[in-house]
Structure formats: structure tokens, C-alpha cells
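Participant: need coordinates for the following:
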Amino acid sequence: MRAGAAAALLLAFACEAHAQDAREHIEPDQPDVTNGTHIVSGGLTQIEFGGIYSHDAAAQKTASMPFTIRIGVADWLEARVGADGVLTQQNGATRATGFGNVQLGAKLRLWADPGGVPVFSVLPTINLPMASAANGLGSGDVDLTLALLTGTDIGSHGRVDFNYGIGSIGGGAGRGRFVQHLLSTSISAAAGPRWNPYVEVFWFSRTEIDGTPETSVDSGAIYELGTRFAIDGGIQAGIHGPASTFAVFGGLSIVVGPDADGVHARHRRTGPHRSTTSAGT
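Facilitator: Below is the predicted model of the structure:
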């Protein structure tokens, strides 16, 4: 009887551990551009921060330490605040360093499937011009963007997400405003219980008022250190237009709150040289 009771107890612990492993996991939106539909669970705060270094042109380099704080307000609503952090731009022998722009936004779930998983969400964002326009770190104008987010699972281990973003972007130096469009898709797959590699393609109609369309591709992976921690990293390359030639990035995500169950957040990162903030940090 004691052996049977012990076996039952072990089975109960195994089932509990399996259930916790299935529920308690962190899924950071960074490091790619595409935002997922999922909302950070109510009562939890997810903090995502990291660093990015990009080679934008022949003699132009950019480095920053962006971060985003995402707060689960309700099952259908997530509030967020982010910033480019400390930003350094070098163009030839000229270098400027300062704090970047600040982004305020919210992700709203508009449609969920019968299982409660969001299928369609929207992400409005306002970009506040905190970066110094005099030093060339920002335009000095407020940017307004709206992203439409959707996606679906592929089998039991894969996921594909799609975004369309539209923004009213300030041209800087009193040059007026322009409309910016963003299209992006990201495909990820679970390679074991902790590894989540991905590949992504994204397109901007333009990032400057006198710019032209540009396309980039990036690839990386997220590694879950536990239910509340994850690290990520990857590389990016421009494949068309004035996109950054090369970029490398990495980051850390942390969940803070009373219970890490059900955290689903696919928050994404964009480089600090991008005018749009629809893609997150």
C-alpha cells in the first residue's frame, strides 16, 4: 500500500510538473520586428531589454540599448512603454550620444479563437521625440502608428505571424510629415523544450521623408532560462534599398508578478534608426 501511495504521489508530482511546464513559460516578442497577437497576462509585467549594433552605411554606425515594459491590464488589453535607451550614432568622424525616443502604446485583442488564443489584435503607438534633433539622434517630431497583427500555429511546434503597419511620421527640420507602411512576417519553430529559432522578412515603404522602399531579413533564437527569464539574439541584413547593411542584437526578458502562468507575449524589436515604432522596442 505504501508503495502504491508513493507511486501515486510521484505520478501526481509528474502531472503537476508537466502542467506547469505547459503553462508557465515566457515567450518574449523580441528580438524580431513582427508583433504577435498575444497579450501579457493580467497582473504580470514583462520587461524586455537588450542591445543592438548596426552598420547602416559605408561610414555610418548606430548602437542603442532599447527596452520595453509591458503590463497586462486585462485579458484583452496590454499597456506598454518603451524607449530607445542610450543611443549612439557615428557618421565618419562625427559621433553623437544621448537618450533616444520614448514610445507609449497598447495592444488590444479584437478576436480570439474558441480556445481563447488571440487571432487578431491591434497595436496603436505614439512615439515621443525625446531624442536630440540638434545632434541628429531624432527628427524632433511626434510619430503616430497603428499595426494590425495576426498569426496562426503551424502544426504542434511552429508559428507564423503577419503584421501590417501604417504611420504618420515626422520628417524633421520642419519638412512636414509622410505616410509609412510596414509589412512583415516571422516564422518560428520550437527546437526542443527551450530553444525557439525564427526567421523573418520585413519591408518599409520608407524611413525618411525623401527615402525609398527597403527590405531586410533577420534570423535568431530565443532560449528560455525558466518560467520568468529568457535570452535572445540574432543578426539582420539589408537585402534591398537603403536598409542597414548589417546588424547584430541580443537581449534579456523578465516576467515580474505573483504568477508566471499563461504569459504569452510576442513583443518585437526594431532598430533605433527606424522611424516607425509599430514594431515595438
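
Participant: give the burial count for residue 113, as a bare number.
Facilitator: Counted by other C-beta atoms under 10 Å, the residues lying close to residue 113 total 10. For the C-beta atoms, the positions are set from N, CA and C on the backbone; glycine is no exception.

Participant: any idea which element the residue nearest to it when sequence neighbours are not counted lies in?
Facilitator: Spatially, and ignoring its direct neighbours in sequence, residue 113 is nearest to residue 119 (5.4 Å; C-beta to C-beta, 6 or more residues apart in numbering). Per DSSP states H and E: residue 119 is located in strand 118-128.

Participant: quick one: buried residues of that strand?
Facilitator: 118, 121, 123, 125, 127 (16 or more other C-beta atoms under 10 Å).

Participant: report the distance from it to the chain centre.
Facilitator: 12 Å (C-alpha atoms, centre = their mean, to the nearest Å).

Participant: do the same with stretch 86-104
Facilitator: Per C-alpha atoms, centre = their mean, the centroid offset for stretch 86-104 relative to its chain is 20 Å.

Participant: returning to what we had before: counting by contacts, list what the strand holding residue 119 packs against.
Facilitator: Under the contact criterion of 3 or more C-beta pairs under 8 Å, 6 or more residues apart in numbering; DSSP states H and E, strand 118-128 touches strand 102-112, strand 143-154.

Participant: what number of residues lie near the nearest residue to residue 250 once chain neighbours are set aside?
Facilitator: Of all residues not flanking residue 250 in the chain, residue 233 sits nearest, at 3.8 Å (C-beta to C-beta, 6+ apart). Residue 233 has 16 neighbouring residues, counting by other C-beta under 10 Å.

Participant: tell me the mean pLDDT over the host helix or strand of residue 233?
Facilitator: Using DSSP H and E, the element containing residue 233 is strand 229-240. Over the span of strand 229-240, the pLDDT mean works out to 96.

Participant: chain center to the helix or strand that comes right after that strand, what's the gap?
Facilitator: Sequence order places strand 246-256 as the next helix or strand after strand 229-240, per DSSP H and E. Here the centre of strand 246-256 is set off from its chain's centre by 9 Å, with C-alpha atoms, centre = their mean.

Participant: and strand 246-256, which strands flank it?
Facilitator: According to DSSP bridges, strand 246-256 forms sheet pairs with strand 45-55 (antiparallel), strand 229-240 (antiparallel).

Participant: what sits against residue 251?
Facilitator: Neighbour list for residue 251: 28, 30-31, 48-51, 231-233, 269 [criterion: C-beta atoms under 8 Å, 6 or more residues apart in numbering].

Participant: now those in TSV, with distance to residue 208?
Facilitator: As requested, the contacts of residue 251 are arranged in TSV below (distance: C-beta to C-beta, whole Å):
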residue	distance to residue 208
28	29
30	25
31	24
48	27
49	27
50	25
51	24
231	33
232	28
233	28
269	20
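
Participant: which one of the residues you listed is nearest to residue 182?
Facilitator: residue 269 (13.6 Å; C-beta to C-beta).

Participant: give me the local confidence score for that closest one.
Facilitator: 40.

Participant: please begin residue numbering at 813 from this point
Facilitator: Shifting the count to begin at 813 puts that one at residue 1081.

Participant: need the residues that contact the strand holding residue 1045.
Facilitator: By C-beta under 8 Å, 6+ apart, strand 1041-1052 touches 838-840, 842-844, 862, 866, 1010, 1025-1037, 1056-1067, 1083.

Participant: enumerate the positions of it that are buried.
Facilitator: Neighbour-count burial for strand 1041-1052 [16+ other C-beta under 10 Å]: 1042-1046, 1048, 1050.

Participant: JSON lines for those residues, including distance to residue 966?
Facilitator: Converted to JSON lines, those look like this (distance: C-beta to C-beta, whole Å):
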{"residue": "1042", "distance to residue 966": "21"}
{"residue": "1043", "distance to residue 966": "24"}
{"residue": "1044", "distance to residue 966": "20"}
{"residue": "1045", "distance to residue 966": "23"}
{"residue": "1046", "distance to residue 966": "20"}
{"residue": "1048", "distance to residue 966": "23"}
{"residue": "1050", "distance to residue 966": "27"}
